[in-house]
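**Student:** I need the structure of the sequence given here:
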Amino acid sequence: MPTKPFSFGRGDLMAVAAVRYCLGRMSYIVGDCADWLCEQWPNIEPKMRAVIERDIREAVKRDDDSRRDSREHHPLGMDMDREQWLRVLAMIDAAKESAP
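**Tutor:** This is a model prediction of the structure:
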């Protein structure tokens, strides 16, 4: 039985699983995941938000390194996929700035 309006599995673990599945994909799912995260961010448990943020920031770092080194494969996929994850990070940063 959910104890809050939204439940994403035990301790919101499914929110982390969804993001980890979508990181590195090159399809519509990246934009859908980014939209969902931006909409549901306040409903995700703080501990899981920290895990999701860390996972995305680490993936961006790996992607930065890949692009800097002119590698063929980029961990965040194509440019349009990367932009979606950067949009999520901008939302996270904005949420932190507006937090009391």
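**Student:** by contact count, what packs against the helix or strand harbouring residue 56?
**Tutor:** Residue 56 is part of helix 46-68 when elements are defined by DSSP states H and E. With contacts defined as 3 or more C-beta pairs under 8 Å, 6 or more residues apart in numbering; DSSP states H and E, the packing partners of helix 46-68 are helix 13-22, helix 79-98. Quick note: C-beta positions are derived from backbone N, CA and C, even for glycine.
**Student:** okay, the ones you listed, which one's buried deepest?
**Tutor:** Per residue and on average, the most neighbours among the helices and strands packed on helix 46-68 fall to helix 13-22, with a mean of 17 (mean count of other C-beta atoms under 10 Å).
**Student:** quick one: residue 95 and residue 32, what's the gap?
**Tutor:** 20 Å (C-beta to C-beta, to the nearest Å).
**Student:** Over to residue 58?
**Tutor:** 22 Å.
**Student:** Repeat that for residue 46.
**Tutor:** Taken as C-beta to C-beta, the span from residue 46 to residue 32 is 24 Å.
**Student:** which of these two has more neighbours?
**Tutor:** Applying other C-beta atoms under 10 Å to residue 46 and residue 32 shows that residue 32 carries more neighbours, namely 13 against 8.
**Student:** Next one, pLDDT for that one please.
**Tutor:** Residue 32 carries a pLDDT value of 97.
**Student:** secondary structure element for it?
**Tutor:** Per DSSP H and E: helix 28-40 holds residue 32.
**Student:** for the protein, what are the low-confidence residue spans?
**Tutor:** For the chain, the stretches with pLDDT under 70 are 1-6.
**Student:** and the helix holding residue 32, what other elements does it pack with?
**Tutor:** Packing contacts for helix 28-40, counted by 3+ C-beta pairs under 8 Å, 6+ apart, involve helix 13-22, helix 79-98.
**Student:** Contacts only, for residue 67.
**Tutor:** Applying C-beta atoms under 8 Å, 6 or more residues apart in numbering to residue 67 gives the contacts residue 74.
**Student:** That one and residue 87: what is the separation?
**Tutor:** Counting by C-beta to C-beta - residue 67 and residue 87 are separated by 18 Å.
**Student:** can you pull the alpha-carbon coordinates of stretch 68-79 into CSV?
**Tutor:** The C-alpha trace of stretch 68-79 is given here as CSV (Å, rounded to 0.1, in the frame of the first residue of the first chain):
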residue,chain,number,x,y,z
ARG,A,68,36.9,15.5,-25.8
ASP,A,69,38.8,12.4,-26.9
SER,A,70,36.8,12.1,-30.2
ARG,A,71,35.7,8.6,-29.5
GLU,A,72,33.1,7.0,-31.8
HIS,A,73,30.7,6.0,-28.9
HIS,A,74,29.3,8.6,-26.6
PRO,A,75,27.8,7.3,-23.3
LEU,A,76,24.8,9.7,-23.5
GLY,A,77,24.1,8.8,-27.2
MET,A,78,23.5,11.5,-29.8
ASP,A,79,23.6,15.2,-29.2
